[in-house]
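> Sequence first, predicted model second:
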Amino acid sequence: MSARIGVVVAEDQSSVRAALAELVGSDPALDLLGCGATGDEAIELATRLHPDVVLMDIRMPGTDGLTATRVVCARLPATKVLVLTTFDLDEYVYEALGAGATGFLLKSAPVTDILRAIHTVHEGQAMLSPEITRRLIAEVSRGRTRRTPEAFEQLSPRELELVGAVLRGLSNEELAAELFLSLSTVKTYLSRIFSKLDVRDRTQLVILAYESGLADEYRR
């Protein structure tokens with residue numbers, strides 16, 4: 001039997017915190033490790049418990065969720081942060097992902113989406129709603145941040161092919177099927193790409209690709 005996914009919930013509102021805790025507890029594949037009401041508590045819990053996933057609220061007293069996300073991601077590279085918020089303002093999305101978050105969802109999302117998001121980010125894949133993805137791409141396309149595509153020049157043609165598949169939204173399983181590779185080979189390729197580009201996961205890879213302009217040819 002595979003190990004359960006350890007989850008920490010960091011949420012300002014007690015009612016929402018209790019609901020998220022109950023939701024996590026309803027999934028037999030998840031293990032609720034602890035709950036916090038502030039960014040400082042989120043950092044302390046994550047540092048002490050080393051969860052696989054942290055559900056992080058943005059607006060919390062004291063240290064906010066964005067700062068807490070940045071600290072957790074820096075201290076615990078293996079821990080994935082899924083940001084949950086009632087706010088969908090573009091600056092929050094961009095800053096959360098820039099801080100190292102692997103996913104961003106609104107609290108109004110169906111409970112099934114939240115549970116699926118936990119599993120998805122644990123697997124190292126990005127979890128963004130289509131609406132948030134469109135806003136993020138539009139924000140980068142307006143030139144808010146722009147970098148040269150030089151970093152991608154170090155990738156092999158095969159690695160660039162995998163990057164293109166990621167940008168088209170393919171999961172690891174779909175990518176393996178399309179490129180006639182084993183799932184383990186796909187994961188090895190992606191780990192190598194992440195290392196070369198100095199990015200944490202698929203989310204940061206996609207951001208870098210859009211910031212550099214490389215993703216333009218993959219846009220539909």
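Received it, and whenever you're ready, just let me know what you need. Keep in mind that this is a model prediction, so the values were computed, not measured.

> Report the contact partners of the spatially most central residue of the chain.
Residue closest to the average C-alpha location in the chain (CA atoms, centre = their mean): Thr102, at 0.9 Å. Under the criterion of CB atoms under 8 Å, 6 or more residues apart in numbering, the neighbours of Thr102 are 80-82, 121, 124-127, 200-203. For every residue, glycine as well, the C-beta is placed using N, CA and C.

> Mind doing that once more with 7 Å?
By CB atoms under 7 Å, 6 or more residues apart in numbering, the residues touching Thr102 are 80-82, 121, 126-127, 201, 203.

> Let's have these in JSON lines, adding secondary structure.
Shown next, in JSON lines, are these (DSSP: H, G, I helix; E, B strand; the rest coil):
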{"residue": "Lys80", "secondary structure": "strand"}
{"residue": "Val81", "secondary structure": "strand"}
{"residue": "Leu82", "secondary structure": "strand"}
{"residue": "Val121", "secondary structure": "helix"}
{"residue": "Ala126", "secondary structure": "coil"}
{"residue": "Met127", "secondary structure": "strand"}
{"residue": "Asp201", "secondary structure": "coil"}
{"residue": "Thr203", "secondary structure": "helix"}
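
> which one of those is nearest Gln13?
Using CB to CB, the shortest approach to Gln13 within the contacts of Thr102 belongs to Leu82, at 16.9 Å.

> The closest one contacts Gly103, doesn't it?
Yes: Leu82 lies in contact with Gly103 (CB atoms under 7 Å); the separation is 4.3 Å.
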